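**Student:** build me a model:
(one chain, ligands or ions: 1)
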Amino acid sequence: MALKITVIGTGYLGATHAAAMAELGFEVLGLDVVPEKIEMLQRGEVPMYEPGLEELLRKHVAGIEGSSGRLRFTMDFAEAAAFGDVHFVCVNTPQKHGEYACDMSYVDSAFASLAPHLTAPALVVGKSTVPVGSADRLARTLTELAPAGEEVELAWNPEFLREGFAVQDTLHPDRIVVGVRSERAEKLLREVYATPVSDGSPFVVTDFPTAELVKTAANSFLATKISFINAMAEVCEAAGGDVVKLAEAIGYDDRIGKKFLRAGIGFGGGCLPKDIRAFMARAGELGADQALTFLREIDSINMRRRGQMVEMTREALGGGSFLGKRIAVLGATFKPDSDDVRDSPALNVAGQIHLQGGQVTVYDPKGMHNARRLFPTLGYAETAVEAVRGAHAVLHLTEWREFRELDPASLGEVATDRIVLDGRNALDPAVWRAAGWTYRAMGRPAA
Ligand code: UDX
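**Tutor:** Residues are numbered from 1 along each chain as shown. Okay, here's the model as predicted:
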């Protein structure tokens with residue numbers, strides 16, 4: 001009989017995982033403690049913008065016309081425990097307020113709520129990004145709290161999905177990493193992932209601490225690549241070099257590779273910034289803080305790019321105060337194809353200029369509702385052209401396709417001054433300059 005799967009936590013990761021599991025042919029029960037989330041999902045709607053996710057949900061959510069009916073939702077832990085052979089825990093681990101460490105309260109509460117209902121053999125699989133050592137502790141919690149005791153096992157299976165590509169990354173992962181303590185756990189997970197593995201995804205079997213570390217190591221490496229190229233951008237700015245050419249040229253070396261070398265205002269979002277900070281905090285607890293002191297530098301290179309963007313804007317406007325200056329900000333989300341504004345470099349830059357007296361108008365294709373909620377005092381426009389109308393400078397801060405396809409000539413007609421600052425090195429300088437704009441970008445010569 002086919003395995004039955006539950007997914008605890010139906011946020012970004014959980015909703016995607018649940019839909020993907022249904023797509024792979026399993027009967028799936030998603031659980032969340034927030035009633036509004038469950039109601040939305042039952043209607044086949046997602047509370048965030050993620051290409052392809054709503055379609056996948058609608059294909060499987062029970063009660064939707066023409067669906068497979070394989071995906072249902074509940075708020076009841078007893079029902080989830082009775083339903084699943086494999087329980088994936090997909091809850092959030094945000095950064096603790098005012099601290100580097102990550103907040104494990106959602107994970108802890110998910111385990112504490114599920115375990116007392118596990119009266120039969122089951123496999124619980126952690127997917128959340130956690131400090132190394134958590135799986136070992138949570139395995140003990142399960143044995144202590146589950147009536148089935150040792151029959152309830154834990155495995156750790158980190159998730160590497162990228163926002164904007166979540167569906168594709170879940171159905172066709174680069175790799176599947178599982179931390180297990182028994183052959184039975186490995187066998188069950190091989191069954192769950194049989195389709196992606198037969199499609200070519202490598203299946204890496206390891207222990208708990210390695211599985212937990214793979215995720216934080218991968219994100220630390222990506223953050224390091226971005227901060228490395230941003231450090232090179234700072235040097236290029238000082239020396240008159242061009243970081244875009246530099247990245248292209250070093251990227252031809254396969255050992256370096258071209259990806260994640262786009263200089264600009266740096267990384268944000270719900271993962272990279274908090275993951276490198278939580279990693280440093282955990283290394284400190286383990287007495288290995290020296291090994292990760294470089295991550296402090298990665299973080300500070302990243303954070304100072306935002307201030308440098310503000311200064312570049314000030315300079316382009318002739319120096320001095322932002323008072324009386326109208327600034328159009330194109331982009332609010334931390335990256336394109338997402339509506340996520342968590343730790344968004346774009347909104348941080350917009351907020352700094354606003355606080356310094358600039359009159360900021362933001363436009364983003366998908367992130368307006370979240371941006372308005374987080375930064376209610378900024379100005380907002382319904383289109384890019386409206387944001388640019390009357391602007392003394394245009395800041396391109398999230399590289400949506402829509403912005404690359406703008407016509408600089410007609411935008412120039414509505415702007416007060418034709419000054420564009422590219423915080424993502426994604427616009428074509430030649431096209432903008434040909435239309436009469438002064439184009440400035442991070443890490444590139446002025447003209
Ligand atoms: C990241 C990891 O990529 C993913 O594997 C993990 O599971 C979760 O964290 P995500 O947060 O969706 O995914 O974003 P990502 O695509 O990694 O981009 C992070 C940030 O880096 C964005 O703000 C992006 O604009 C920035 N970035 C990315 C750069 O500044 N330059 C680059 O070259 C690439």
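
**Student:** so who does Ala19 touch?
**Tutor:** Leu53, Leu56, Leu57, Lys59, His60, Leu71, Val167 (CB atoms under 8 Å, 6 or more residues apart in numbering). The way it works is simple: take the backbone N, C-alpha and C, and place the C-beta from them, glycine included.

**Student:** give me the subset of the residues you listed lying in strands.
**Tutor:** Per DSSP state E, strands hold the following members of the contacts of Ala19: Leu71.

**Student:** the ligand contacts on the stretch 101-250 of the chain?
**Tutor:** Neighbours of the ligand within the stretch 101-250 of the chain, by CB under 6 Å from any ligand atom: Phe160, Leu161, Arg162, Glu163, Asn219, Leu222, Ile226.

**Student:** what pLDDT does the model give the fourth one?
**Tutor:** Per-residue confidence at Glu163 stands at 93 (pLDDT).

**Student:** so where do the strands sit in the stretch 1-150 of the chain?
**Tutor:** Taking DSSP state E, counting those that start in this stretch as the criterion, the stretch 1-150 of the chain carries its strands at 4-8, 27-31, 71-74, 86-89, 122-126.

**Student:** can you add distance to Pro365 and mean neighbour count and give these back as CSV?
**Tutor:** As requested, the strands of the stretch 1-150 of the chain are exported to CSV (distance: least, CB to CB, whole Å; neighbours: other CB atoms under 10 Å):
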stretch, distance to Pro365, mean neighbour count
strand 4-8, 29, 26
strand 27-31, 28, 26
strand 71-74, 29, 22
strand 86-89, 31, 26
strand 122-126, 34, 26
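
**Student:** so Lys37 versus Glu163, what's the distance?
**Tutor:** 18 Å (CB to CB, to the nearest Å).

**Student:** those two - which one has more neighbours?
**Tutor:** Glu163 (24 against 21; other CB atoms under 10 Å).

**Student:** quick one, what contacts that one?
**Tutor:** Glu163 neighbours (CB under 8 Å, 6+ apart): Tyr12, Glu50, Gly269, Lys335, Asp337, Ser338, Asp340.

**Student:** so it, which state does it fall into?
**Tutor:** For Glu163, the assignment made with DSSP: H, G, I helix; E, B strand; the rest coil gives coil.

**Student:** read off the pLDDT value for Ala446.
**Tutor:** The predicted local confidence for Ala446 is 87.

**Student:** any idea how far it is from the ligand?
**Tutor:** Applying CB to the nearest ligand atom, to the nearest Å, the value for Ala446 to the ligand is 22 Å.

**Student:** before we move on, what about Arg140?
**Tutor:** Taking CB to the nearest ligand atom, one finds Arg140 at 27 Å from the ligand.

**Student:** neighbours of that residue, how many?
**Tutor:** When neighbours are counted by other CB under 10 Å, Arg140 comes out with 10.

**Student:** what distance do you get for it to Ala281?
**Tutor:** Taken as CB to CB, the span from Arg140 to Ala281 is 22 Å.

**Student:** repeat for His97
**Tutor:** His97 sits 13 Å away from Ala281, going by CB to CB.

**Student:** which residues touch Phe165?
**Tutor:** Each residue near Phe165 by CB under 8 Å, 6+ apart is listed here: Pro51, Asp337.

**Student:** which strand or helix spans the closest residue to Ser201 other than its chain neighbours?
**Tutor:** Distances taken as CB to CB, 6 or more residues apart in numbering put Pro173 closest to Ser201, at 5.0 Å, once the chain neighbours are dropped. Under the criterion DSSP states H and E, no helix or strand holds Pro173.

**Student:** give me the number of residues near the closest residue to Glu212 other than its chain neighbours?
**Tutor:** Nearest non-adjacent residue to Glu212, counting by CB to CB, 6+ apart: Val132, 4.5 Å away. Other residues within reach of Val132, judged by other CB under 10 Å, total 22.

**Student:** ok, Ala139 next?
**Tutor:** For Ala139, using other CB under 10 Å, the count is 20.

**Student:** do I have it right that it meets Leu154?
**Tutor:** Yes - counting by CB atoms under 8 Å, Leu154 is a contact partner of Ala139 at 4.2 Å.

**Student:** mutual contacts of these two, please.
**Tutor:** Joint contacts of Ala139 and Leu154 (CB under 8 Å, 6+ apart) are Arg181, Phe208.

**Student:** who are the neighbours in contact with Val360?
**Tutor:** With contact taken as CB under 8 Å, 6+ apart, Val360 is in contact with Ile327, Val329, Ala350, Ile353, His354, Leu378, Gly379.

**Student:** sorry, back to before: phi, psi for the residue nearest to Ser201 please.
**Tutor:** Pro173 adopts backbone torsions of phi -70, psi 150, taken as degrees, to the nearest 10.

**Student:** measure it to Asn370 for me?
**Tutor:** 27 Å.

**Student:** then Thr195?
**Tutor:** Distance of Thr195 to Asn370, computed by CB to CB: 34 Å.

**Student:** and what about Leu421, helix, strand or coil?
**Tutor:** For Leu421, the secondary structure call by three-state DSSP comes out as strand.

**Student:** state the distance from it to the ligand.
**Tutor:** 16 Å.

**Student:** contacts only, for that residue.
**Tutor:** So Leu421 contacts Met309, Met312, Thr313, Ala316, Ala393, Val394, Leu395, His396, Arg440, Ala441 (CB under 8 Å, 6+ apart).

**Student:** 6 Å instead?
**Tutor:** By CB atoms under 6 Å, 6 or more residues apart in numbering, the contact list for Leu421 reads Met312, Thr313, Ala316, Leu395, Arg440.

**Student:** and Leu171, by the same measure?
**Tutor:** Ala20.

**Student:** report pLDDT for it.
**Tutor:** pLDDT recorded at Leu171 is 97.

**Student:** what about it, distance to Gly268?
**Tutor:** Per CB to CB, Leu171 is found 26 Å from Gly268.

**Student:** same check, this time on Thr416
**Tutor:** For Thr416, the distance to Gly268 - CB to CB - is 29 Å.

**Student:** in terms of neighbours, single out the busier of these two.
**Tutor:** For Thr416 versus Gly268, neighbours defined as other CB under 10 Å are more numerous around Gly268 (24 against 14).

**Student:** which SS state does that one fall under?
**Tutor:** Per three-state DSSP, Gly268 ends up coil.

**Student:** what's the local residue count around Ala166?
**Tutor:** When neighbours are counted by other CB under 10 Å, Ala166 registers 26.

**Student:** right, and it touches Glu50 too?
**Tutor:** Yes - between Ala166 and Glu50 there is a contact at 5.2 Å, judged by CB atoms under 6 Å.

**Student:** would you mark the buried spots in stretch 179-194?
**Tutor:** Neighbour-count burial for stretch 179-194 flags Gly179, Val180, Arg181, Ala185, Leu188, Leu189, Val192, Tyr193 (criterion: 16 or more other CB atoms under 10 Å).
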